[in-house]
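In: Next one to model:
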Amino acid sequence: MYQLEEPKYFYMFAFIAVLLVMYFAVSIWKRKKQKEFADLNLLKKLSPEKSKFKPALKITIVALGLSFLIFALINPKMGTQLKTVKRQGVDIVFALDVSKSMLAEDIAPNRLEKAKQIISKTIDKLGSDRVGIIIYAGSAYPLLPITTDHSAAKMFLQNAGPDMVSSQGTAINEALKLAKTFFDDDTQTNRFLFIISDGEDHEENSGKIAKDIINEGIRTFTIGVGSNKGVPIPIKRKGKFIGYKKDNKDEVVITKLHVETLKEIANNGEGKYLLGNNTTKSIEYIEDLLLKADKKEFETKQFSDYKDQFQWFLGLGLLFLVLDVFLLNKKTKWVQKMNLFNEK
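Out: The predicted structure is shown next:
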């Protein structure tokens, strides 16, 4: 396992790219001017010791040397030991509605992005708590199993969208049933399920299922995103607006927030309904809820004893730059005798 201590220095590779472009541009310009000055065969006779291969080799060595020095600045660190660490926390699962109605733009930039923003900022507030993510539309799928790796959770969350689910709709029931088996620790006393949706196209018995999973120690909270005012669902292709979603009668589909559905699920799940349009208030409530919850101690494995590795890259970088100083543009006599590069 490795870590990058200063990844901000990756931008410096752009300077190496500029250096290579300048080298090739100058080489082309030189060749053009040489043709204007004299015949190339005559130039070869005038400078018989000049190597065609050495200049390209030198710029390659310089680029490699600078690359290693940049990696030294970035300082990769290697985890040398896997330890079992005891941590305290609760288990949280987010069930994210990725149906197409979540693309409605009554909440900027749209309902889905607002929902992902709430989840992402909540994850930032978590301490040692474990988190999992479910996505659902016409059916429900596990996006990320319960984990303490919050960075991975945010990475998977970024890619969540309607295209990840084969059928459309809002299968809240399936999401609830999947959540029932999603928590992998039977001894965990505090389990929280947060359903983030506009509540549209809901199925019957959602409240009953939320009440049933209380027996598994899971409290269900719902977060509504959207407005009560109906809005159309935009259709975009490669980021360009091409129209609005229409039904079988060729009429524009209007979608709105169904608060009562979400309130019913939350009430039956011994949780609470939150309006997610105000991101800050939603996150503050969740943070306060988790802070007051009893924490359970559990074990997790993680790499420790990360050691700096910059010295290897620094050494290689300096070695290549020193090598470039001693490497002349003239032909090397013993290499010339071997004629490895067919230099005449």
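In: all strands of the stretch 51-200 of the chain, in order?
Out: With DSSP state E, counting those that start in this stretch, the ranges of strands along the stretch 51-200 of the chain come out as 76-89, 91-97, 130-136, 140-147, 191-197.
In: Run through this structure and note the low-pLDDT ranges.
Out: By pLDDT under 70, the low-scoring segments of the chain are 1-2, 37-51, 79-87, 169-170, 184-189, 201-204, 297-306, 328-344.
In: Helices of that one, residue ranges please.
Out: Ranges of helices in the chain, per DSSP state H, are 13-37, 40-46, 53-74, 111-125, 150-158, 172-182, 206-212, 259-268, 279-292, 310-326, 333-338.
In: TSV for those, including mean neighbour count and distance to K249?
Out: Every C-beta, even on glycine, is put in place using the N, C-alpha and C of the backbone. Output for the helices of the chain, formatted as TSV (neighbours: other Cβ atoms under 10 Å; distance: least, Cβ to Cβ, whole Å):
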stretch	mean neighbour count	distance to K249
helix 13-37	11	54
helix 40-46	10	76
helix 53-74	18	58
helix 111-125	20	24
helix 150-158	15	36
helix 172-182	21	26
helix 206-212	20	28
helix 259-268	20	24
helix 279-292	15	36
helix 310-326	15	65
helix 333-338	10	80
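In: To I133, which of those lies closest?
Out: Closest to I133 of these, according to Cβ to Cβ: helix 150-158, at 6.3 Å.
In: Could you tell me which residues make contact with D308?
Out: For D308, the contacting residues are E5, N75, K77, by Cβ atoms under 8 Å, 6 or more residues apart in numbering.
In: Tell me the spacing between it and L319.
Out: According to Cβ to Cβ, to the nearest Å, D308 and L319 sit 19 Å apart.
In: Ok, A160 next?
Out: Computed as Cβ to Cβ, the A160 to L319 distance reads 46 Å.
In: V131 is in contact with V93, isn't it?
Out: Yes: taking Cβ atoms under 8 Å as the definition, V131 is a contact partner of V93 at 7.4 Å.
In: Please enumerate the shared neighbours of the two.
Out: I146.
In: Can you give me the distance of the closest residue to Q117 other than its chain neighbours to G138?
Out: Sequence neighbours aside, T279 is the residue nearest to Q117 in space, at 5.9 Å (criterion: Cβ to Cβ, 6 or more residues apart in numbering). T279 sits 27 Å away from G138, going by Cβ to Cβ.
In: and if you look at D149?
Out: Distance from D149 to G138, by Cβ to Cβ: 29 Å.
In: what does A56 give?
Out: Taking Cβ to Cβ, one finds A56 at 58 Å from G138.
In: likewise L73?
Out: 49 Å.
In: Ok, D324 next?
Out: From D324 to G138 the distance is 61 Å (Cβ to Cβ).
In: Same question for F53.
Out: 62 Å.
In: can you check R237 too?
Out: From R237 over to G138 the distance is 21 Å, taken as Cβ to Cβ.
In: higher neighbour count, these two?
Out: A side-by-side neighbour count of R237 and G138, using other Cβ atoms under 10 Å, places G138 first with 14 against 8.
In: Tell me the spacing between the closest residue to that one other than its chain neighbours and D198.
Out: Spatial nearest neighbour of G138, chain neighbours left out: S167 (3.0 Å); criterion: Cβ to Cβ, 6+ apart. Relative to D198, S167 is positioned 17 Å away (Cβ to Cβ).
In: Give me the more crowded residue out of the two.
Out: Each of S167 and D198 has its neighbours counted (other Cβ under 10 Å); D198 has more, 29 against 9.
In: Leaving aside the residues adjacent along the chain, what's closest to that one?
Out: Closest to D198 by Cβ to Cβ, 6+ apart is G226, at 4.1 Å.
In: With V231 instead?
Out: Closest residue to V231 apart from its sequence neighbours, by Cβ to Cβ, 6+ apart: D106 at 4.4 Å.
In: is it true that that neighbour touches K229?
Out: Yes: under the criterion of Cβ under 8 Å, D106 makes contact with K229 at 6.7 Å.
In: More neighbours: which of these two?
Out: D106 (20 against 9).
In: Now do the contacts for the more buried one.
Out: G226, S227, K229, V231.
In: sorry, back to before: selecting buried members of the contacts of D308 in ChimeraX, what would you type?
Out: Here is the ChimeraX command that selects the buried residues among the contacts of D308 (16 or more other Cβ atoms under 10 Å):
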select :75,77
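In: Is it possible to get CSV of the contacts of D308 that adds distance to N268?
Out: Shown next, in CSV, are these (distance: Cβ to Cβ, whole Å):
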residue, distance to N268
E5, 48
N75, 52
K77, 48
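In: ok, of the contacts of D308, which one's closest to E284?
Out: Among these, and counting by Cβ to Cβ, the member closest to E284 is E5, at 32.6 Å.
In: Verify the stated contact: the closest one with F71.
Out: No: E5 is beyond contact range of F71, at 11.1 Å (criterion: Cβ under 8 Å).
In: What are the structural domain limits within the protein?
Out: 2-75+309-338, 84-300 (automatic domain parsing).
In: Enumerate every residue touching D324.
Out: Listed by Cβ under 8 Å, 6+ apart, the contact partners of D324 are K58, I61, V62, G65.
In: now the residue nearest the centre of the chain: how far from D149?
Out: By Cα atoms, centre = their mean, the chain has its centre lying nearest to M155, at 3.2 Å. According to Cβ to Cβ, M155 stands 9 Å off from D149.
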